[in-house]
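Peer 1: next input, structure requested:
(2 chains)
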Protein chains: 2
Amino acid sequence: MLIEPHLAPRPANHSPLTPLGLLDHAVEAFPTRPAVAWRDRTWTYGEFASLVARFAGFLRSRGVKPGDVVSIVATNRPEMLAAHYAVPMLGAVLNAINTRLDPDTVGYILEHAQSVMLILDPACSICPEIAGSVPAFMLGNSDEGLNCLDLLSESDTVDSLDHRAFVTDEWQPICLNYTSGTTGRPKGVVYHHRGAYLNALGNVLALGLTHRTVYLWALPMFHCNGWCHTWAITAAGGLHVCLDRIDPALIFAAIERHQITHLSCAPVVLYMLLNHPDRPAANPARRITVATGGASPTTALIEGMDALGFDLIHLYGLTESYGPATLCNLDDDVAMADAKTKASILARQGVPHVMASRVRVVDDNGKDVAADRMAMGEILLAGNTLMAGYYRDQEATEKAFAGGWFHTGDLAVRHPDGAIEIKDRSKDIIISGGENISSLEIESVLHRHPAVLLAAVVAAPDPKWGEVPCAFIELKSGQQAAAKELLAFCRERLAGFKVPKRFVFRELPKTATGKIQKFVLREEAR
Amino acid sequence: MLIEPHLAPRPANHSPLTPLGLLDHAVEAFPTRPAVAWRDRTWTYGEFASLVARFAGFLRSRGVKPGDVVSIVATNRPEMLAAHYAVPMLGAVLNAINTRLDPDTVGYILEHAQSVMLILDPACSICPEIAGSVPAFMLGNSDEGLNCLDLLSESDTVDSLDHRAFVTDEWQPICLNYTSGTTGRPKGVVYHHRGAYLNALGNVLALGLTHRTVYLWALPMFHCNGWCHTWAITAAGGLHVCLDRIDPALIFAAIERHQITHLSCAPVVLYMLLNHPDRPAANPARRITVATGGASPTTALIEGMDALGFDLIHLYGLTESYGPATLCNLDDDVAMADAKTKASILARQGVPHVMASRVRVVDDNGKDVAADRMAMGEILLAGNTLMAGYYRDQEATEKAFAGGWFHTGDLAVRHPDGAIEIKDRSKDIIISGGENISSLEIESVLHRHPAVLLAAVVAAPDPKWGEVPCAFIELKSGQQAAAKELLAFCRERLAGFKVPKRFVFRELPKTATGKIQKFVLREEAR
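Peer 2: So this is what the prediction gives:
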């Protein structure tokens, strides 16, 4: 075929892929459909677009320019959702900060990100002082702050901005998300418009989102932009139900009131629901799809959630992969299987969603491991839903992308059907007397004990063995279990060298997203 | 934010968007799921990928190189589907030719496309001679031809080719589709990998395709690559049920045998189903989604199809937009409405699907018309799912894309809710005594007459009025209606100047995809 200049891309047939186009589409295709519900109010997609336009107008009036980083510390309020459109609409970059971080880390992020503005939710405890020289604005304060929920007066009408003037390249940064940082300072992960668009649509397909979807925001939006669901629900034309506090009673009430069809959250939230004294009986006419990740759902969790009317989807991903990269759900043919069979399937991280990265599991020599569910290797990812890189950290970026693949640091096996199953984080492997011990394996045994709510196993230094496993246990409220009992429980189920040498009973330290902070426990074990 | 070189795209985080990746994903995620059914055979996704690899191996062994155009004239056989992967996999360009074209036009296309190879289906009447100097191969002939359905011997195993070596730019051409050409020679529409990928996934979302989808190939794959469903069904992980002859009895049998959930076709096929003497009663437990386009579904069609268990989706698009660009379906809130209300909604072409083009309706001055369902204008499209341009025709390309939008030549109004509704093709407008008459309006009146199967109205030259409407009528078999009766029927329902001055009863000439060839009728009217 001839290569002809008139066949090159032009504005009529090539426009940057951006999640902002998803809101445009919603406004054009279904302006009167409900978009956002919060407390006692609801906004249609048309109204939500106006809210976004007012937010963008505010930012512009305060001097935000293309390329600027705008930071926000907020709960799952409508303005937090709106920020995911209003900030990038100006060509600026959204930096959503974990609401539970200490002021020192927030200060570090603001400085590292070279943020030009900080938007604060009055419900978050971070005081405006931490902003230092960064101008800070409080949400919902109509005097000096940012009130975009309401149309204050006729003259307040803001002309809708056309993001096409500011987003001219789909590789432009859209978000800057700092990793939770288990050791050292957090790294700034740069998301681009193309990746955010593709991962949002991949989520729509993976979770089966449609215009009938009613999505409960039980996952913080600051966590990988709510796994890109901030854009995915809009793409599907579903309803975002905002929840600004994670409380089992509020979750159950919202499910009933809004007839929730989908939610995503960390497993710790599911344990909270399961162990809540006032949990309602399941409505047999309704099933709710729950996407969860970070730890494999246990048999007990699957059984309990099933009885409550929840169907689990197990997702795997990292901040660097825009959240969900692979998923595992139960196929129709195992829908009737027992909870143990379901758990053994759902324990796996599964396969990439259709728009996600390709996945490999490779050994130390970079060779793909056999798909025999035995050979362990590191998970590598490549494709269109991976970060541009780490901001102001070329060295870490090159290391992460060495050899043309992103190195996750997670260790997995591959099943004959192609599904991956994580066995451990590289750094969570305990090396005892030259043997590799998977802390995850020990934890999954401990989770089977009826009194154990959460278990975390880390390496403790040992003069003889180098390292030995040390178990930290959080018991269910009202439950008792002595170290001796747990030791016997483990001995029955684990090889001798894998049995923890020490048991510590305490509430486990968690990140804002429910991940256990093993680095704190490692310190303690030392 | 700083612009840092290490944040630029690299192979780990940027790979060309291509529908070929959808088959890779299928093989990785669900290799044992059924992919293709044809006659008495079924292939899993793993087996279909092998079939594709054998096809690609054949092409390569015959010297097909990146950039070459490979033509195919075939029914909806598995090899035709496989060609949609095997040809682009080599970086070559698929040119699927309408099976009902005359040898002269096929010869023109082969020459204009500079085709290097012609693949023929023995079921198609085009003789190999027309290929002239182009090497031609017959499908299913194991001696000299192309047999990729079967693994002939162990040594026949073909290493899977990695399309990443050949498809390095998502703007590379993937297909070359010739328009049906109502006047003059057909134009060669160039599809690129990016657009094909995005439109395929947009179709998945628009039609609600999932891994439970069982899709009946009642639409020819040579028509806009089966509206990109050749890739969409694979993206969803559904089952392609190939049907190599469009016959109502075969369609009904396939629906029953394979438990079809979705099909697409021209309205003329639906009329065939509706008027078939042996149509089965609907199974109340099963609804089938039918996507149709090209003509608005009438009240009678909707009522009849509803009784047969079919739910209609009305699509609109052109060869230049990879098939479907906008769609209209019935929202939940009108599911219980009467057929007349449904018809008035489904008469509209609706709104763009989520990954499709933006749409405008503009007047002669290029201004958007009011969304008042009255003001008529031309439909313009822009976005990521439009052709690269016309092959070897810069002039037509520049004209089509003038002003940064693609000009469809279709005239529509816009409804207050944003939906578009086509009133006519620019060239189908009849100008009589200075008044514009929509041939579509007259046709829709005629379609309401119980004896009329199909009606087509064109302009006939008239010494007094310039042009007058002339109606061509195909009656339902066994039905009678005199011109006088139809004249009275129209007089009751149309303004006097819109009433056809002449009625001609005959079978209407149609393209292979069921579109009425008005240019033949215009000739006749002259």
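Peer 1: quick one: the strands in the stretch 101-250 of chain A?
Peer 2: A:115-120, A:136-138, A:173-178, A:188-192, A:214-216, A:239-241 (DSSP state E, counting those that start in this stretch).
Peer 1: hmm, who's touching the fifth one?
Peer 2: The reference is to strand A:214-216. In this structure, residues lying in contact with strand A:214-216 by Cβ atoms under 8 Å, 6 or more residues apart in numbering or on different chains are A:209, A:229, A:233, A:238-241, A:243, A:251, A:254-255, A:258-263. Glycine gets a C-beta too; all of them are placed from N, C-alpha and C.
Peer 1: and those, which of them are buried?
Peer 2: Applying 16 or more other Cβ atoms under 10 Å in any protein chain shown to these, the neighbour count classes A:209, A:229, A:233, A:238-241, A:243, A:251, A:254-255, A:258, A:260-263 as buried.
Peer 1: for stretch A:471-481, what is the distance to the chain centroid?
Peer 2: In this view, stretch A:471-481 has its centroid 27 Å away from the chain centroid, taken as Cα atoms, centre = their mean, to the nearest Å.
Peer 1: what's the following helix or strand after the helix or strand bottoming out on mean pLDDT in chain A?
Peer 2: When the helices and strands of chain A are scored by mean pLDDT, DSSP states H and E, strand A:435-438 comes last with a mean of 73. With elements assigned by DSSP states H and E, the helix or strand that comes after strand A:435-438 is helix A:439-446.
Peer 1: for that next one, name the packing helices and strands.
Peer 2: strand A:420-425, strand A:452-462, strand A:466-475, helix A:483-493 (3 or more Cβ pairs under 8 Å, 6 or more residues apart in numbering or on different chains; DSSP states H and E).
Peer 1: tabulate the ones you listed (JSON lines), appending distance to residue B:518.
Peer 2: As requested, the helices and strands packed on helix A:439-446 are exported to JSON lines (distance: least, Cβ to Cβ, whole Å):
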{"stretch": "strand A:420-425", "distance to residue B:518": "56"}
{"stretch": "strand A:452-462", "distance to residue B:518": "72"}
{"stretch": "strand A:466-475", "distance to residue B:518": "75"}
{"stretch": "helix A:483-493", "distance to residue B:518": "77"}
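Peer 1: columns distance to chain B and mean neighbour count on top of the ones you listed, output as TSV?
Peer 2: Listed next are the helices and strands packed on helix A:439-446 as TSV, based on distance: least, Cβ to the nearest Cβ, whole Å; neighbours: other Cβ atoms under 10 Å in any protein chain shown:
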stretch	distance to chain B	mean neighbour count
strand A:420-425	11	20
strand A:452-462	31	21
strand A:466-475	32	22
helix A:483-493	33	15
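Peer 1: make TSV out of those and add mean pLDDT.
Peer 2: Shown next, in TSV, are the helices and strands packed on helix A:439-446 (pLDDT from 0 to 100):
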stretch	mean pLDDT
strand A:420-425	84
strand A:452-462	90
strand A:466-475	91
helix A:483-493	92
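Peer 1: now the strands of the stretch 101-250 of chain A as JSON lines including mean pLDDT?
Peer 2: Formatted as JSON lines, these follow (pLDDT from 0 to 100):
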{"stretch": "strand A:115-120", "mean pLDDT": "95"}
{"stretch": "strand A:136-138", "mean pLDDT": "89"}
{"stretch": "strand A:173-178", "mean pLDDT": "97"}
{"stretch": "strand A:188-192", "mean pLDDT": "98"}
{"stretch": "strand A:214-216", "mean pLDDT": "98"}
{"stretch": "strand A:239-241", "mean pLDDT": "98"}
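Peer 1: do you know which of those strands lies nearest residue A:492?
Peer 2: strand A:214-216 (39.9 Å; Cβ to Cβ).
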